[in-house]
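*Asks:* This is a predicted model, with the sequence first.
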Amino acid sequence: MKNSPALPYIMLTFCALFWAGSSVVARHIAGEIPPLALNFWRWLFAFLIVLTWTGGELWRNRALVLARWKYISSLALFSAIGFGALHYIALQYTTAINGALFQGLMSICILISALVILGDRFGGRESIGVILGFGGVAFIVTRGDPDVIRALSFNVGDIILLLATMSYSVYAVFLRRAPPELSSSALMAGMFGFAALYMLPLWLFEVFVLDRTMPVNLTAAWSIGFMTIGPSVLAQIFWAFAVSRVGPGRAGYFIYLSPVFGVVLAVSLLDEQFRWFHAVGIALIFTGIWLATRPKPAASTS
């Protein structure tokens, strides 16, 4: 099963689902659970969980981990901090649907980052897939109304979401350079540890300077529990494994599924309304993914 060609794509689909759920949950608890506290505790618990089965591997490879600590810590900065913390802060100001939709832009950002950093190029069919996927996201954001584009204005939360998306695209590309001696789980354990370490002063700033303390109640327990297991432990390990098999560019196309899941979850759980432009946008997104990821036709031998 581990060598199944379909497995990376199944994992990527679950990543999109978990990330969409993260947007919906973060929006649902906005105002009750402080964003930096949520991000600190999710990474601390994720580190402790993954460490239970990767501790031995990390110890055996301690010389490698020490030699590559700057690389591993940079993954934490671009992903857990640059994306995770900013994402939760942004959802204090914008909607869950927008949170999921901006994640859809990540596919384009990853392709551009891979081109700039690694020199990866993409062909005409992939380009059309990207354009259709982006068009689907844009169609939903503008509600299919050209006047929205002419009078476009950004909520501060949307601007923060864009910065978070750009940060994650750099992380996704640099995953290609992960040391092959470490499993995906061990690499993520190291990243989670650095993420919790870097989030600690930010969380303390939120508590003692901004005077925002996290309540100890059922909402805090289930939200941190979900963020820890789904978007943190499972999604990060799934993503790292899938990228190692199919590359960051192809993996990035599946992030277009996040807006689809996000709209469905937001409508179902937060009573945000599903409109016709959501349906058109989702159709464009799925078409873009199909074009970008379907196998190339075999060359004719005649």
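*Replies:* Okay, I see it. Predicted model only: the values in this text are computed from it and were never measured. Numbers count the residues shown, from 1 in each chain.
*Asks:* where does the stretch 1-150 of the chain dip in pLDDT?
*Replies:* Across the stretch 1-150 of the chain, the ranges flagged by pLDDT under 70 are 1-3, 96-101, 103-105, 118-126, 130, 134, 137-138, 140-143, 146-150.
*Asks:* Show me where it has its helices.
*Replies:* Secondary structure of the stretch 1-150 of the chain (DSSP state H, counting those that start in this stretch): helices at 7-28, 35-60, 62-67, 69-76, 86-90, 96-104, 106-118, 124-141, 146-150.
*Asks:* mind checking which of these is nearest Val207?
*Replies:* helix 35-60 (7.5 Å; C-beta to C-beta). Placement of C-beta: from N, CA and C, glycine included.
*Asks:* right, and the helices of the stretch 1-150 of the chain - which one's nearest Ser244?
*Replies:* Among the helices of the stretch 1-150 of the chain, helix 7-28 sits nearest to Ser244 (C-beta to C-beta), with 8.5 Å.
*Asks:* what packs against that closest one?
*Replies:* In this structure, helix 7-28 packs against helix 86-90, helix 96-104, helix 218-227, helix 235-246, helix 257-270, with contacts taken as 3 or more C-beta pairs under 8 Å, 6 or more residues apart in numbering; DSSP states H and E.
*Asks:* repeat that for 6 Å
*Replies:* helix 96-104, helix 235-246, helix 257-270 (3 or more C-beta pairs under 6 Å, 6 or more residues apart in numbering; DSSP states H and E).
*Asks:* Mind telling me which of those helices the model trusts least?
*Replies:* Comparing mean pLDDT over the helices and strands packed on helix 7-28, the weakest stretch is helix 96-104, at a mean of 66.
*Asks:* Next up, the contacts around Ser22.
*Replies:* The neighbours of Ser22, taking C-beta atoms under 6 Å, 6 or more residues apart in numbering as the test, are Pro231.
*Asks:* Same check on Ala172?
*Replies:* Ile110, Pro248.
*Asks:* picking that back up, in CSV: the helices and strands packed on helix 7-28, plus mean neighbour count and distance to Phe18.
*Replies:* What follows is the helices and strands packed on helix 7-28, written out as CSV (neighbours: other C-beta atoms under 10 Å; distance: least, C-beta to C-beta, whole Å):
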stretch, mean neighbour count, distance to Phe18
helix 96-104, 27, 11
helix 235-246, 22, 4
helix 257-270, 22, 9
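*Asks:* Could you dump the ones you listed into a markdown table and include distance to Phe226?
*Replies:* Below are the helices and strands packed on helix 7-28 laid out as a markdown table (distance: least, C-beta to C-beta, whole Å):
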| stretch | distance to Phe226 |
| --- | --- |
| helix 96-104 | 14 |
| helix 235-246 | 11 |
| helix 257-270 | 12 |
